[in-house]
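Q: Here you go, sequence then predicted model.
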Amino acid sequence: MADKIGYARVSTADQNPQLQLDALEAEGCLKIYTDKATGTRADRPEWNSCLADLRPGDTLVIWRLDRLGRNLADLINIVNELGARGVAVRSLTNGLVDTTTALGKLVFGLFALLAEYEAALIKERTQAGLAAARARGRKGGRKPKMTPELIDKVSACTTPAASPWPRSPSPAGSPP
């Protein structure tokens, strides 16, 4: 039997989730989970309990999309993971976002394409910036800890003939 499971979240302890809770109750949610934590935290305890409670065929009902995550990529990942488990997502204030409908799936597909396009643009800009820096003679990465003088000292110490320390005698039976 498919159930509606509600999830509400406010960012700080002094905020009141009552508006969200009223809307989720009016929607007929069987259970409602409420977190008082920022959306950027992945370890929200009530969110984890909500995820564990969702079964195939259930619908996760939220008041607004931003209650699930802070950025589009995170939101798309959550919806895709839930979809793979057979769980639909419905937002009460974002009318087009309802993965139980064809239009809702289309909207999420468009979001996913836009997020993928944005990631590709970021990669292209990063590669172009690195190439421009290399053309100006800049190298990326951390500065080396070893100076050329230290490298020379280590090299001298690892060459047996040049080592300033005496060699220890070889154990009996082993070649010198």
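A: Structure received.
Q: So which bits of the helix or strand harbouring Asn80 are buried?
A: Following DSSP states H and E, one finds Asn80 within helix 72-84. Across helix 72-84, burial judged by 16 or more other C-beta atoms under 10 Å covers Ala73, Leu75, Ile76, Ile78, Val79, Leu82. All C-beta spots, glycine's among them, are computed from the backbone N, C-alpha and C.
Q: Look up which residues are beta-bridged to the closest residue to the fifth one other than its chain neighbours.
A: Distances taken as C-beta to C-beta, 6 or more residues apart in numbering place Val89 nearest to Val79, at 5.2 Å, with adjacent residues excluded. Per DSSP bridges, residues listed as beta-bridge partners of Val89: Leu60.
Q: How much space separates Arg136 from Tyr117?
A: 29 Å (C-beta to C-beta, to the nearest Å).
Q: So if I had to pick from those two, which one is more boxed in?
A: Tyr117 (10 against 6; other C-beta atoms under 10 Å).
Q: ok so, going back, same list (the buried residues of helix 72-84) but as a markdown table, adding pLDDT and distance to Asp14.
A: Converted to a markdown table, these look like this (pLDDT from 0 to 100; distance: C-beta to C-beta, whole Å):
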| residue | pLDDT | distance to Asp14 |
| --- | --- | --- |
| Ala73 | 76 | 29 |
| Leu75 | 81 | 25 |
| Ile76 | 82 | 30 |
| Ile78 | 88 | 26 |
| Val79 | 87 | 29 |
| Leu82 | 93 | 30 |
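Q: Now flag whichever of these is closest to Arg125.
A: The nearest member of those to Arg125, counting by C-beta to C-beta, is Ala73 at 16.7 Å.
Q: Distance-wise, check the closest one relative to Gln15.
A: 25 Å.
Q: Mind checking which residue lies nearest the centre of this protein?
A: Asp74 (6.4 Å; C-alpha atoms, centre = their mean).
Q: Pull up the gap between it and Asn80, please.
A: The spacing between Asp74 and Asn80, counted by C-beta to C-beta, is 11 Å.
Q: Now do the longest helix seen in the chain: which elements does it pack against?
A: If you go by DSSP state H, the chain has its longest helix at helix 102-135. Secondary-structure packing of helix 102-135 (3 or more C-beta pairs under 8 Å, 6 or more residues apart in numbering; DSSP states H and E): helix 72-84.
Q: Remind me what the helix it packs on packs against, helices and strands.
A: Helix 72-84 packs on strand 88-91, helix 102-135, going by 3+ C-beta pairs under 8 Å, 6+ apart.
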